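Enquirer: Give me coordinates for this.
(2 chains)
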Amino acid sequence: MKNLTLLILALFILGACSNSPKQAGAEKSASNSKISLTAAGATFPMPYYNMVFKMYGEETGVQLTYGGIGSGGGIRSLTDKVVDFGATDAFLDDEQLKEMPAEVVHIPTVLGAVVIAYNLPGVEGLKLSNDLLEKIFMGEITKWNDAAIAANNSGLNLPDLDITFVHRSDGSGTTQIFSDYMSKVSTKWADEIGTGKALRWPVGMGAKGNPGVAGTIKQTEGAIGYIGSEYAFAQKIQTASVQNSAGNYILPSIESVSAAAKGEIPADTRIMLTNSADPDSYPISGFTWIILYKEQSYNDRSKDQALATVSCLDWLVSSEAQGQAEKVHYAPLPADAAAKAKAILRSVTFNGETLLK
Amino acid sequence: MNSDKIAKAVLFLASVIILLIAGGMIYSLVEGSIPAFKNFGLSFIWSNNWNPTRNQESYGALPFIAGTIITSVAALLISLPLSFSTSLFLGEYYRGTRLAKVLGTMVDLLAGIPSIVYGLWGFYVLRPLLIDLGLPNQGFGIFPASIILAIMIIPYATSLSTEIITMVPGELKEAAYSLGATRMEVIFSVIVPSARSGIVAGYILSFGRALGETMAVTMLIGNANRIPESFFGTGNTMASVIANQFGEADGLKLSALIAIGLLLFLITGIINSAGKLIIKRME
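Expert: From the prediction side, this is the model:
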């Protein structure tokens, strides 16, 4: 397993190396040009990471390579100690934490959401209650002009079309957040399908990645599916409003996603934000995390390397980096979450000594 | 003498490396699939329950084995008349003409088109066509996947069959003509029998290719991890589920995917050796 992960990483690094001539100028001017960091994991926050890590490289000369190999790959890479830090859309539960070779900490970086996209020509402003979500995605409602949908959407001219549910065919943090929400609002879903990065779908068809799902929906009249917000916002995909726990129908937006994180966040930041109690929140929202070892002295890493790792992450949750998030359609961390992330980074050690003050 | 030795050493080294690579692949596939077989036993092969949800994990390869075999056999059947007639056209009727050369080049070109391009064509051209024809599942499923596979494997069967048909000795054909045989009789009693082992080899090659094809199938088959309900239903294949789910897989699921890889390897191996046996019998 380890070899496989190594191979995949090596490919990414090779890919990154081919860009190096362009960056040679920046390197000369920087003081710590020798340090390069490697990270891998979730694809969901990749546009944000790519943008801010490039900024960070230009400012400090620290070369950072991020491989979007999926959350599972990110956890595997960190377990195998082939990266400086990993990234994941789903936090490690207690059992997974126990399986890691050493203590791991979570740093939330940005917020995203899962949107419900649909393709119904001429139908705008579709409202879906949690009951409708359950019935549509579990195959109990099969036609768009079903009385239950119509009752919830008076005024909309719903066509006599079959509902085609498009889900992810690959394992994904997007599916995790979506199914976590569904399990919270529907006991039937929780009993029969459950929560996970990949599921046993009762109906529908799979497409690979957000682009695959979005493309299939776009090409198929009557299709409905769930897509990562960063992709949906960037592509301006038509989305349905979803009923939050206060009973309000909310469209996904940067503001409504931010609102989901207003509540209390635990000190280790491991929390699913789905079905937030905030009345303005879009209910299918969540954090994405970076994971790293609490003790940074392993595998002959130098103290400089460890310091560069935590400094970079400290900058990532700072207002400077967070201010960039909206440009690529993510919601920035609320102040409370950023403060907790900073506190966690200050607990990271090298041979028992904390690295950041 | 010295250069001879060097050449020998290089050749030896190259063959040893090939052996090591093949052996290493088998080893890592077997090693990686041990947890899956330990957990589910041999029933992994015929169980149709694929449930990756945490705490209820259960994996069975049957939906994917079924999807792979159905699409590949269907693709072979669809491609058979097309590639057989094309190879007769190229190797016998219009042999050596400019038309045959152009057509031959086109066939070879088909072989060079990347899988993903076939997938895109299938998604944007074939699928809307099938929707207009009233096919269920919005143009996704076993049937469209089989059609795209059939088109992809045509060049393999065609090229090899054409080559073999061209190589049938002229004297044989002339002898048949001199006995008063018609062209049809020559084709079916002289050319096909003497070229049949090569033709069969071509079809086995293309069948093997269909078994392992990934991207184009993924884009059309619907990726539903169930045994297809009908020929027009949605399903998934072994190669496609691996490509789709490998990225986020860990633990038992990863092992299950590797086990599917091992099974695919075995199926391809069985088909190839069966093919070789058939060819040997025919000769």
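Enquirer: Not counting its neighbours along the chain, what's nearest residue B:196?
Expert: residue B:282 (5.7 Å; C-beta to C-beta, 6 or more residues apart in numbering or on different chains). The way it works is simple: take the backbone N, C-alpha and C, and place the C-beta from them, glycine included.
Enquirer: The one you found contacts residue B:197, correct?
Expert: Yes. Using C-beta atoms under 8 Å, residue B:282 is in contact with residue B:197, at 4.3 Å.
Enquirer: Low-confidence regions, the stretch 151-283 of chain B specifically.
Expert: B:283 (pLDDT under 70).
Enquirer: give me that answer again for 50
Expert: Along the stretch 151-283 of chain B, the model assigns pLDDT under 50 to no residue.
Enquirer: all helices in it, in order from the N-terminus.
Expert: B:170-178, B:183-186, B:192-212, B:215-221, B:238-245, B:251-282 (DSSP state H, counting those that start in this stretch).
Enquirer: Could you look over these and pick the most buried one?
Expert: Greatest average neighbour count among those goes to helix B:215-221 (a mean of 28), per mean count of other C-beta atoms under 10 Å in any protein chain shown.
Enquirer: quick one: contacts of that one?
Expert: A:169, A:208, A:212, B:67, B:71, B:115-116, B:118-120, B:122-123, B:126-127, B:140-142, B:144-145, B:148-149, B:152, B:234-237, B:239-240, B:243-244 (C-beta atoms under 8 Å, 6 or more residues apart in numbering or on different chains).
Enquirer: again with stretch B:33-51
Expert: So stretch B:33-51 is contacted by A:199-200, B:57-65, B:225-227, B:251-252, B:255-256, B:258-259, B:261-263 (C-beta under 8 Å, 6+ apart).
Enquirer: how about the CA coordinates for stretch B:6-13, as PDB?
Expert: Provided in PDB are the C-alpha atoms of stretch B:6-13 (Å, rounded to 0.1, in the frame of the first residue of the first chain):
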ATOM      1  CA  ILE B   6      26.900  -8.000 -24.500                       C
ATOM      2  CA  ALA B   7      23.800  -8.500 -26.600                       C
ATOM      3  CA  LYS B   8      23.000 -11.700 -24.900                       C
ATOM      4  CA  ALA B   9      23.400 -10.100 -21.500                       C
ATOM      5  CA  VAL B  10      21.100  -7.200 -22.400                       C
ATOM      6  CA  LEU B  11      18.500  -9.500 -23.800                       C
ATOM      7  CA  PHE B  12      18.700 -11.700 -20.700                       C
ATOM      8  CA  LEU B  13      18.300  -8.700 -18.400                       C
END
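Enquirer: how about the residues of chain B that lie near chain A?
Expert: Proximity of chain B to chain A, by C-beta under 8 Å from any C-beta of the partner chain, involves residues B:28, B:32, B:49-56, B:123-124, B:127-128, B:137-138, B:140, B:218-219, B:222-225, B:234, B:236, B:243-245, B:247-250, B:253-254.
Enquirer: Mind giving me the PyMOL select for those residues, buried ones only?
Expert: The command below creates a PyMOL selection of those among the residues of chain B next to chain A that count as buried (16 or more other C-beta atoms under 10 Å in any protein chain shown):
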select buried, chain B and resi 28+32+50+51+52+53+54+123+127+137+138+140+218+219+222+223+224+225+234+236+243+244+245+247+248+249+250+253+254
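Enquirer: Run a quick neighbour tally on residue 190.
Expert: Using chain A here. By other C-beta atoms under 10 Å in any protein chain shown, 15 other residues sit near residue A:190.
Enquirer: hmm, I had chain B in mind actually
Expert: As a burial measure, residue B:190 scores 19 neighbours (other C-beta under 10 Å).
Enquirer: need the contact list for it.
Expert: Counting by C-beta under 8 Å, 6+ apart, residue B:190 has contacts B:168, B:172, B:173, B:176, B:181.
Enquirer: Let me have those in TSV, extended by distance to residue A:323.
Expert: Below are the contacts of residue B:190 laid out as TSV (distance: C-beta to C-beta, whole Å):
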residue	distance to residue A:323
B:168	75
B:172	81
B:173	80
B:176	84
B:181	85
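Enquirer: Between those, which sits nearest chain A?
Expert: Using C-beta to the nearest C-beta, residue B:168 is the member of those that lies nearest chain A, at 45.8 Å.
Enquirer: Assess the claim that residue A:63 and residue A:38 are in contact.
Expert: No. Assessed by C-beta under 8 Å, residue A:63 is found out of contact with residue A:38, at 9.2 Å.
Enquirer: Who has more neighbours out of those two?
Expert: Remark: of residue A:63 and residue A:38, residue A:63 carries more neighbours, 23 against 19, as counted by other C-beta under 10 Å.
Enquirer: what about the helices of the stretch 151-283 of chain B, which gets the closest to residue A:75?
Expert: helix B:251-282 (10.4 Å; C-beta to C-beta).
Enquirer: angle of that closest one against helix B:238-245?
Expert: 160 degrees (axes from the mean of the first three to the mean of the last three C-alpha atoms, to 10 degrees).
Enquirer: roughly how far is helix B:251-282 from the heart of the chain?
Expert: Between the mean C-alpha location of helix B:251-282 and the chain-wide mean there is a distance of 12 Å, by C-alpha atoms, centre = their mean, to the nearest Å.
Enquirer: For residue A:188, list the residues it contacts.
Expert: A:134, A:138.
Enquirer: mind redoing it with 7 Å?
Expert: With contacts defined as C-beta atoms under 7 Å, 6 or more residues apart in numbering or on different chains, residue A:188 is in contact with residue A:134.
Enquirer: can you check residue B:98 too?
Expert: Applying C-beta under 7 Å, 6+ apart, no residues contact residue B:98.
Enquirer: And it, how far from residue B:219?
Expert: Plainly put, residue B:98 is 36 Å away from residue B:219 if you go by C-beta to C-beta, to the nearest Å.
Enquirer: do the same with residue A:259
Expert: Applying C-beta to C-beta, the value for residue A:259 to residue B:219 is 37 Å.
Enquirer: Kindly report the same for residue A:57.
Expert: With C-beta to C-beta as the criterion, residue A:57 and residue B:219 are 36 Å apart.
Enquirer: Please apply the same query to residue B:276.
Expert: Applying C-beta to C-beta to residue B:276 and residue B:219 gives a distance of 32 Å.
Enquirer: Same question for residue A:249.
Expert: In terms of C-beta to C-beta, residue A:249 sits 34 Å off from residue B:219.
Enquirer: how about whichever residue of the stretch 201-350 of chain A sits closest to chain B, phi and psi?
Expert: Closest contact between the stretch 201-350 of chain A and chain B, by C-beta to the nearest C-beta, is at residue A:206 (3.0 Å). When read as degrees, to the nearest 10, the backbone of residue A:206 gives phi -100, psi 150.
Enquirer: Skip the chain neighbours and tell me the closest residue to residue A:272.
Expert: Nearest non-adjacent residue to residue A:272 (C-beta to C-beta, 6+ apart): residue A:180, at 5.2 Å.
Enquirer: what's the pLDDT at that neighbour?
Expert: Looking at residue A:180, its pLDDT stands at 94.
Enquirer: need the contact list for residue A:120.
Expert: A:144, A:159, A:222.
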